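Engineer: what follows is a protein structure lacking sequence information:
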């Protein structure tokens, strides 16, 4: 086969492609999208809850109002009305967001990718929660950045433990403060404030990734670090060392690929240049659809539906874990979002459990991949938003049985 | 103002952001989208020709068939049916394209950006047509690549003149063979063959960007270099040193942001990893819409409409140039696409003409920006696809008058 190739691409590709890897998660999602499987693997919203008729009507409304312009090229920054709507939604007494502080991106993933492109260069250091969001690693690794893992507990990042890392002069810290991917934990208010103070003291940027913040089932919302750090400017814009990434993927529909960055104007300007070179602009029809739905009050109606269903699913999973999982396993009890995190007894390797689990028709993500230092072999990430409660019960039961067997086998050895 | 900033982002941003520039073109497009202006500036299709009712019906059909799945996350490579459709469209006796040779991208711009990301690194050299596509420069410049400009004439790139550049061991050549942006010229068959041979001899990749190829008003289609270079493999895939970028933007609707790459599987695999890190996947609804339209035979119906209108507009512009432009100006007569290229007398600087032209309500793009070596001050790019024939006549008349005045003024000096 190799001999047949007339060009050996492995020699021709840029060296940094060696740093690119297919995310194991995305690869597995392919096999888990097969019908019949109970998937706790992806971070997928429940597509059966999407109000398809409503989307159809909104698309018709958009095309009636804007005609061919809704299908035409549009400006790189994003639709002005949509930027205004986001600016307005994020503005409050503490924070004045202007249109110029907002860039529309092709999902939050592009927001993170563009931030990496304008902020990081070879040899820079970035602090990450350990474990952290897998696709952030894929996006930033090719810049040649060095990742500094920081430990976490049930209240999120252990900010005090970041202090020794400051000697390495990190340029930024990446953080998912609400219902973190993968652990489902939430950074406490006290820690948010300490992190902002630490960033100020050490001239470090904070990249605050908040895809799940609005999916809170219990407890009260905490202020974003963007808000805690921002300093309002005279002309109703603000300045901040926080670069904030948001998205409609988890509260509307991910297939639209509409996300955004909120940041200081100097940052938005550079991100816009990078975005322009990257894909000219985010889909015009997608942006119009998001805008139309937002204008119609879609989020105010749809969010309660999501909260109700996902809240039930969360409870179903917690109850099933209690019922079926061995007593030696522990798990997080997230206040929101779509993931929880299971820690198994030390001797169980979750990735070795996966083939048998898939055979039983249950998918999950082994936790090791989310780690930066080879830890977490005995951990797994479970998504609870994608399957209805009965299926969750069924899936956790099967997983629990596998775990019990695995524990027994180990004792037998 | 500066004193108010609590973070000096200019110190914090990656050095390569200095290589990023807002494309003058995109910036100008903002001002030229104001109502009433006759724009020869962008590369915009005519939005008034988009069959909006047809799109509405197709969206309804997609949502009826796929429901919430059309709004859900989807795989990075793109919808399998759409990849198959593209593979099939590009396959012929000379070239067998398999699904694995196709990656769906967010427009052809992202295809070019991703190619830069996997192929190029600091110090690499790339041959470009001079003048060339502006946003290619924006996408590839931050990699730290060195651009080697190659001269062109009325039949496109002067391939023979590339030979001396081979001493610099370029990694790739970027080329728009059909109705080039900005010049509107077409690379002759003989030169395509010579370029392929040159690339083979010097182990160089060819990045073939073909957004306009199907918009041919006169003459016969020429084979793509992908086809000229490809070597079919046993399993109905192929291998080639050509990386081909295509898009629905010019033959369907650009607001969907659906483009593609066709290349050897090893290249597609690396591009897929880069795409995954970049934005996870291209919009699901957009891809379904493109697929539904393609399946319905939309291109077979819509392309003749475009060819008729754009062909008329091309003729209207050529006639108006003949009528209103000074005899000292020359221009290309493209066989297709959306641009033609005007060369003015040496003493006229097109960019100095622009403010007066905009004041008269006519926009164009000065040609200097498309050049790599400060040449082309006396050139301009004119788009003929976006305005109807009467408006084209009106706009060229105004531009012609300005040019005549400018010529007179110069004589008076």
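Structural biologist: It's in. As the structure is a prediction and not an experimental result, all values here were calculated from the model.

Engineer: from here on, contacts and neighbour counts on C-alpha atoms
Structural biologist: OK.

Engineer: flag the shaky bits of the stretch 251-400 of chain A, pLDDT-wise.
Structural biologist: Along the stretch 251-400 of chain A, segments meeting pLDDT under 70 are nowhere present.

Engineer: which parts of it sit against chain B?
Structural biologist: A:253-257, A:266-267, A:270, A:272-274, A:276-280, A:282-286 (Cα under 8 Å from any Cα of the partner chain).

Engineer: among these, which ones are buried?
Structural biologist: Neighbour counting with 16 or more other Cα atoms under 10 Å in any protein chain shown marks A:253-257, A:267, A:270, A:272-274, A:276-280, A:282-286 as buried within these.

Engineer: in strands, which of these fall?
Structural biologist: Using DSSP state E, no member of those falls in strands.

Engineer: what about the residue nearest in space to the middle of chain A, which SS state?
Structural biologist: Computing the C-alpha centroid of chain A and ranking residues by Cα atoms, centre = their mean puts residue A:211 first, at 5.4 Å. Under DSSP: H, G, I helix; E, B strand; the rest coil, the three-state class of residue A:211 is coil.

Engineer: quick one, what contacts it?
Structural biologist: Residue A:211 sits next to A:108, A:245, A:246, A:247, A:248, A:249, A:250 when contact means Cα atoms under 8 Å, 6 or more residues apart in numbering or on different chains.

Engineer: hang on, residue A:162 packs against residue A:152?
Structural biologist: No - counting by Cα atoms under 8 Å, residue A:162 does not reach residue A:152; the two are 10.2 Å apart.

Engineer: would you list every one of the helices in chain A?
Structural biologist: Assigned by DSSP state H, chain A shows helices spanning A:9-12, A:24-32, A:52-66, A:80-90, A:107-119, A:134-140, A:189-201, A:225-229, A:265-279, A:284-295, A:298-324, A:350-359, A:389-412.

Engineer: quick one, what contacts residue A:174?
Structural biologist: Shown in contact with residue A:174 (Cα under 8 Å, 6+ apart): A:126, A:127, A:128, A:129, A:206, A:207, A:208, A:209.

Engineer: mind running it again at 6 Å?
Structural biologist: Residue A:174 sits next to A:128, A:207 when contact means Cα atoms under 6 Å, 6 or more residues apart in numbering or on different chains.

Engineer: likewise the one 10 residues further on?
Structural biologist: By Cα under 6 Å, 6+ apart, the contact set of residue A:184 is A:334, A:339, A:340.

Engineer: so the last one versus residue A:330, what's the distance?
Structural biologist: Here residue A:340 is placed at a distance of 11 Å from residue A:330 (Cα to Cα, to the nearest Å).

Engineer: neighbour-wise, which of these two wins?
Structural biologist: residue A:340 (27 against 16; other Cα atoms under 10 Å in any protein chain shown).

Engineer: do I have it right that the more buried one meets residue A:384?
Structural biologist: No - with contact defined as Cα atoms under 6 Å, residue A:340 does not reach residue A:384; the gap is 7.7 Å.

Engineer: tell me, how many residues neighbour the nearest residue to residue A:374 once chain neighbours are set aside?
Structural biologist: Spatial nearest neighbour of residue A:374, excluding adjacent residues (Cα to Cα, 6 or more residues apart in numbering or on different chains): residue A:368 at 6.3 Å. Per other Cα under 10 Å, the neighbour tally for residue A:368 reads 20.

Engineer: cool, the one 5 residues further on as well?
Structural biologist: Neighbourhood size, residue A:373 [other Cα under 10 Å]: 12.

Engineer: identify the bridge partners of the closest residue to it other than its chain neighbours.
Structural biologist: Once flanking residues are discounted, residue A:373 sits nearest to residue A:149: 7.7 Å by Cα to Cα, 6+ apart. When bridges are called by DSSP bridges, residue A:149 pairs up with residue A:128.

Engineer: residue A:149 reaches residue A:131, doesn't it?
Structural biologist: No - contact criterion Cα under 6 Å: residue A:149 and residue A:131 do not qualify, at 8.0 Å.

Engineer: between those two, who's got more neighbours?
Structural biologist: Using other Cα under 10 Å as the criterion, residue A:149 and residue A:131 rank with residue A:131 on top: 24 against 18.

Engineer: thought residue A:371 was touching the more buried one, still the case?
Structural biologist: Yes - using Cα under 6 Å, residue A:131 is in contact with residue A:371, at 4.4 Å.

Engineer: give the rounded mean pLDDT of stretch A:208-225.
Structural biologist: The average pLDDT for stretch A:208-225 rounds to 97.

Engineer: first-to-last residue distance for it?
Structural biologist: Across stretch A:208-225, first to last residue, Cα to Cα, it's 7 Å.

Engineer: from the chain's centre, how far out does it sit?
Structural biologist: 12 Å (Cα atoms, centre = their mean, to the nearest Å).

Engineer: and if you look at stretch A:397-413?
Structural biologist: Put simply, stretch A:397-413 sits 32 Å off its chain's centre (Cα atoms, centre = their mean).
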